[in-house]
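Student: Structure for the following, please:
(chains A, B, C and D)
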4 protein chains.
Amino acid sequence: MTIDVAVFGAGRIGKIHAANLARQPGVRLKYVVDVNRDAARALADLHGAQVADVDGAMGDASVGVTVVCSSTDTHADLIVASAAQKKHVFCEKPVDLTIERARACADAVERAGVVCMIGFQRRFDPTFSALKARVDAGEIGDPEMLIVTSRDPGAPPVEYIKHSGGIFKDMLIHDFDIFRWILDDEADTLHATGSCLSDPAIEEAGDIDSTAVTIRTKRGRLCQINTARRAAYGYDQRFELLGSAGMLQAGNVRPTEVTAYSASAVSSDKPEAFFLERYRAAYAAEIAHFFDAVNNGKPVRTTVADGLKALELAEAATLSWREKRIVKLGENVA
Amino acid sequence: MTIDVAVFGAGRIGKIHAANLARQPGVRLKYVVDVNRDAARALADLHGAQVADVDGAMGDASVGVTVVCSSTDTHADLIVASAAQKKHVFCEKPVDLTIERARACADAVERAGVVCMIGFQRRFDPTFSALKARVDAGEIGDPEMLIVTSRDPGAPPVEYIKHSGGIFKDMLIHDFDIFRWILDDEADTLHATGSCLSDPAIEEAGDIDSTAVTIRTKRGRLCQINTARRAAYGYDQRFELLGSAGMLQAGNVRPTEVTAYSASAVSSDKPEAFFLERYRAAYAAEIAHFFDAVNNGKPVRTTVADGLKALELAEAATLSWREKRIVKLGENVA
Amino acid sequence: MTIDVAVFGAGRIGKIHAANLARQPGVRLKYVVDVNRDAARALADLHGAQVADVDGAMGDASVGVTVVCSSTDTHADLIVASAAQKKHVFCEKPVDLTIERARACADAVERAGVVCMIGFQRRFDPTFSALKARVDAGEIGDPEMLIVTSRDPGAPPVEYIKHSGGIFKDMLIHDFDIFRWILDDEADTLHATGSCLSDPAIEEAGDIDSTAVTIRTKRGRLCQINTARRAAYGYDQRFELLGSAGMLQAGNVRPTEVTAYSASAVSSDKPEAFFLERYRAAYAAEIAHFFDAVNNGKPVRTTVADGLKALELAEAATLSWREKRIVKLGENVA
Amino acid sequence: MTIDVAVFGAGRIGKIHAANLARQPGVRLKYVVDVNRDAARALADLHGAQVADVDGAMGDASVGVTVVCSSTDTHADLIVASAAQKKHVFCEKPVDLTIERARACADAVERAGVVCMIGFQRRFDPTFSALKARVDAGEIGDPEMLIVTSRDPGAPPVEYIKHSGGIFKDMLIHDFDIFRWILDDEADTLHATGSCLSDPAIEEAGDIDSTAVTIRTKRGRLCQINTARRAAYGYDQRFELLGSAGMLQAGNVRPTEVTAYSASAVSSDKPEAFFLERYRAAYAAEIAHFFDAVNNGKPVRTTVADGLKALELAEAATLSWREKRIVKLGENVA
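Tutor: As a prediction, the model looks like this:
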């Protein structure tokens, strides 16, 4: 039996998901929806699909799954609409920029009983998931301290930043999810600070480009996250977990294993350029995981509740940074 | 316009090529041929192809390309038959175990004017090909010494070894091709020695499992190759090239970038398990390269002449080892 | 001309300094002072020196230099006494556990016009000082974020911890000095949190064993420090500095460069065991630097003012942790 | 009781040995002997020793140990003279450039019953000796293949090369000793080839600058050695040993553990510059080992017999290269 899928959003991440779902056995891309009709057309043609508008795709009862890669402000509506139509939904992060609407999504999904998975693709990265499996197997005893380094090669346009919800919701949302997943624990208190060091225009837009976040969990574990919008050497995605019996590090991935010995140094490749390259395998794995859940009734690894929790941490971090104070999770942060 | 393809051989390498060619735009797998009809059927079904016998596939004028992954003793006949039918042919290494028949293949291909590419997939490995590009760009000046390490995780069954043509033709054929490709030079003299260290049954079969080969090229460059049928730590595929202005190393690829710090050591993953994993990207790239050559009239990177040259080196090495003497290439080694 | 030296403290760090100063040309170890007379005797004998008590050594006008490696509570008195006797003084960190007495030392030293160097040996580590030189040369542009990892192989006895001044003064004092040295900037605000995760006896002693500190500097730069009293894999001393044009990392040092490939992993040595091994070269270099300053009137790299500043950060961190709040440096933290 | 020592040769290696033996407890440098009296004077003054000529130093019965670091052509005479005077002798490699005179040294030493140690310092390198200990402990099972890489940063003056005995005696003598030590086996056959690739003046002097040597041992093990007089990236000293149960690699040592991430690459330090830096710890350890043998009647790790064996391999390699043939050890190679 074939599952028909509608993809919302024909941008770069939509293209990746479309290509990956086209490789799933028993899955057919039926519709591509995008306000940019040319982009929708190009992607639809590539996979033998049709162009549709939202109502057309949502209204087609034969569509069993929606994949939401459109702009952030459309996520919540499309999740709710999918749930209303009893369609399973895969949605890119974040669920929404407000906790209220994210909760509404969670409620809608639960009531409808559909599968809803949020695209925290890092949980499907081969290095990160191997590390997680080894922690779970007890290799380093009890987890104690997590250090997360997350740096982009360069800042997006300021126009994007203005509508991004701020660096904590836009960029650290992934790191907050990594924190919860790896430590298997929840935040008790959070402290965030930051600076704008790369481009004054970011500051003028009310945001920062460099952050330092510290979380203490309910069980007393510690987590430090450092992020930057700009790393001259490329996309830097590492973390390390100290446990009572050892440590595990997740390092960057390199395009090749060439090492060069010159008169000045011994050098190897920079990390993979950006998220499309770094998480190529992760994007493929998360889509396979999603359809496995849809087809076989298995739980998804990254639920809408996870999306909500990450958003709460992003809200708390924004508050901590703005008000220059330590925030206790669970207090009314809004 | 779609190219119809017949694949000969439905074993593990046939499956890989079938999957990769199925991803080429404008390419359709039409036939799978294998003496094992069940294997042929399974692979054909997976890709919506038909099962055929050799004559059926070769006799179908609509088939423009053959992909030969059957047993070594069938390679030459299938190349010659493909050429006779004006079909382009991609053939796994080696062309044949005898120079005479390999030359016949080269002649047939040339007369027919078809594209013939030999599956030296290592030339398409991302690490190896990046290194080659940097050498060609002059990064390390003039190449001087090449050190090749090539070790399998474990020996194949002795029954296989008996019909393999010996370790130099079966295993080092790849390393001889790497030598010619990286140094862009030809052998002048060759010395080979070896031992049987892992399993006496290999020695009883008239073969060895560990070799040390030294080649001096016509331009005075040096190459040392060391190989073993068994490396307890897995598949080891490295080489390094010393040049007048520096050195480039091609290292192993690891499944993940996890590093573990324990009470006893700091450790990382072993290399990728075996050739199917290590050269996954290379297999995909060589098939894409082949169809690019077929479609656009470009030259192939690994010709039947390359296959012949590698075979000559394997013959010379076998002779050097058996007769315990230095062999000059171009002397009548047969 | 020979400089006569009195060493106070014949423990493990006293032995190291004694051996290193014995190698300085023109330097003679004249006295060893320790309440443990046997220890003093053994060290004195090893270097052909005499055993003395504090008054004897301080009262000998021929002694031009004192080296203070006795217990922390004696540091301030010995610095003040040395200054009063116009003796140059090398003193182990910390100057004192209270800012008040540390200031008194700074004053005494300044009035006397003697050289006073504090033993922040990390500034003399070959890796750390090479990194610092490259930052100063502008290799990574403007420094932006510093991440410091500082973990001991195991906690000292609880009895020691009780008199240590707490983890921030005892252990992080070094990291605070690294922060000031590498960023060449001063703290504006500081947040510290922590937990006791290894041994409840440490908590009962009113201390913690794991800390996470974040500092924002006056110029808006960020620093995160993570420390642990116990790392199962040994002594972990790393930091990394992100700058506007790149990043520099200072890694651990390994006893040997052996790499082992086994059936389970590829592994290398753990880091050097503890500070005596890790900072062996640094201890030698700082003593040479000190005598170079004494002999040639050069400034020392680690002044008593540096010791005072590090102590202020340790006080601020203690306060932040205890009162669960962000501390602004320069507010009356006492 | 103090041992008085005479050092012959006040060049760079003489200075190193003098400094190291000055640190041995119970050892006193009494004489420095060098045809260059100024050099002898400077070194003697540095250590409070006297300048002497050969007869003066050899004739002083209070001298119990000689350390020979003078030019190669003086080694044999000084060993024989030391033995005649019942003095223990530490002699730099090689024993001599001819097997005949090296044998005479071995005989003289044996007759006299003195300790004679040859300065194969690599056996005392911390990385190399740790690897050896792990092999001996059975970590990788039975040794099978040894790959030795040995490259100098640049060629010595041609005038030096003319009197060096050729690259095999001058440079590979160390690698031949490593081969025997690590494999704990003797050569059965040897093949050597090479080229002159860096400087035609070396070829005019009858020598080569790049070599590739293969040895098959009596037990069937394989060893490949590659050497070059010039590596643009510095001094390259590595080897790796494949065993039946794994592999051990000995890597280069770096001055610092700084890693730099730039817009173009991730880079670390080049290897230590040359032998004085790379083997600093080894030189100290071999002198300590020698005096431990002298004082405590222990065997030395590198005997004059080892020096003789290494020389035989160098002779065989020279013959193999010159006559373009495989040489069987034990045949009359002279």
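
Student: ok, what's across the strand from A:F239?
Tutor: Applying DSSP bridges to A:F239 gives these bridge partners: A:V148, A:A250.

Student: no, scratch that, I was asking about A:I215
Tutor: Beta-bridge partners of A:I215, as defined by DSSP bridges: A:L190, A:C223.

Student: separation between it and chain B?
Tutor: 23 Å (Cβ to the nearest Cβ, to the nearest Å). Where C-beta positions appear, they are placed from N, C-alpha and C, glycine not excepted.

Student: I'd say that residue and A:T189 touch.
Tutor: Yes - if you go by Cβ atoms under 8 Å, A:I215 and A:T189 touch, sitting 7.3 Å apart.

Student: Look at these two and report which has more neighbours.
Tutor: A:I215 (29 against 19; other Cβ atoms under 10 Å in any protein chain shown).

Student: Would you mind giving me the confidence score for the more buried one?
Tutor: The model reports A:I215 with a pLDDT of 98.

Student: Quick one: residues in contact with stretch A:24-38.
Tutor: Identification of contacts with stretch A:24-38 by Cβ atoms under 8 Å, 6 or more residues apart in numbering or on different chains yields A:1-11, A:14, A:18, A:21-22, A:40-41, A:43-44, A:47-54, A:56-57, A:60, A:62-63, A:65, A:70, A:287-288, A:291, A:295.

Student: From those residues, which land in helices?
Tutor: A:14, A:18, A:21-22, A:40-41, A:43-44, A:54, A:56-57, A:287-288, A:291, A:295 (DSSP state H).

Student: Out of these, the closest to chain C would be?
Tutor: Checking these against chain C with Cβ to the nearest Cβ, the nearest one is A:A288 at 27.7 Å.

Student: Using the three-state scheme, assign the nearest residue to that closest one once chain neighbours are set aside.
Tutor: Among residues not flanking A:A288 along the chain, A:Q24 sits closest, at 6.5 Å (Cβ to Cβ, 6 or more residues apart in numbering or on different chains). Three-state assignment for A:Q24 (DSSP: H, G, I helix; E, B strand; the rest coil): coil.

Student: what about A:Q24, how many neighbours?
Tutor: So A:Q24, with other Cβ under 10 Å, has 19 neighbours.

Student: re the thing from before, now list the buried members of the ones in helices among the contacts of stretch A:24-38.
Tutor: A:14, A:18, A:21-22, A:40-41, A:43-44, A:54, A:57, A:287-288, A:291, A:295 (16 or more other Cβ atoms under 10 Å in any protein chain shown).

Student: Considering these, which member attains the minimum pLDDT?
Tutor: Among those, A:A22 has the lowest pLDDT, at 87.

Student: surely that one meets A:L43?
Tutor: No - assessed by Cβ under 8 Å, A:A22 is found out of contact with A:L43, at 10.6 Å.

Student: pLDDT wise, what is A:N332 at?
Tutor: 53.

Student: my bad, A:V35
Tutor: In this model, A:V35 is scored at 96, pLDDT.

Student: residues in contact with the most centrally placed residue in chain A?
Tutor: Residue closest to the average C-alpha location in chain A (Cα atoms, centre = their mean): A:F120, at 3.3 Å. Shown in contact with A:F120 (Cβ under 8 Å, 6+ apart): A:93, A:174, A:177, A:181, A:302, A:306-307, A:310.

Student: Nearest to chain C among those residues?
Tutor: Distances from chain C to those, taken by Cβ to the nearest Cβ, are shortest for A:H174, at 18.1 Å.

Student: so who does the closest one touch?
Tutor: Applying Cβ under 8 Å, 6+ apart, the residues near A:H174 are A:93, A:120, A:122, A:150, A:310.

Student: so which of the contacts of A:F120 comes closest to C:D269?
Tutor: A:W181 (31.3 Å; Cβ to Cβ).

Student: what sits against the residue lying closest to that closest one once chain neighbours are set aside?
Tutor: Using Cβ to Cβ, 6+ apart and skipping residues adjacent in sequence, the residue nearest A:W181 is A:R123, 5.7 Å away. Residues near A:R123 by Cβ under 8 Å, 6+ apart: A:129, A:132, A:177-178, A:181, A:282, A:286, A:301-302.

Student: same question, A:R41
Tutor: Per Cβ under 8 Å, 6+ apart, neighbours of A:R41: A:32, A:51.

Student: Distance check, the closest residue to chain C within the stretch 51-200 of chain A against chain D.
Tutor: Distance from chain C to each residue of the stretch 51-200 of chain A (Cβ to the nearest Cβ) is smallest for A:S195, at 4.0 Å. Separation of A:S195 from chain D (Cβ to the nearest Cβ): 20 Å.

Student: For the stretch 151-300 of chain A, what lies in contact range of chain C?
Tutor: Residues of the stretch 151-300 of chain A lying close to chain C by Cβ under 8 Å from any Cβ of the partner chain are A:151, A:189, A:191, A:193-198, A:210-212, A:214, A:216, A:220-224, A:226, A:228, A:230-233, A:236, A:242-247.

Student: Please spell out the ChimeraX selection for the buried subset of these.
Tutor: Remark: buried members of these, expressed as a ChimeraX selection using 16+ other Cβ under 10 Å:
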select /A:151,189,191,193,194,195,196,197,198,210,211,212,214,216,220,221,222,223,224,226,228,230,231,232,233,236,242,243,246,247
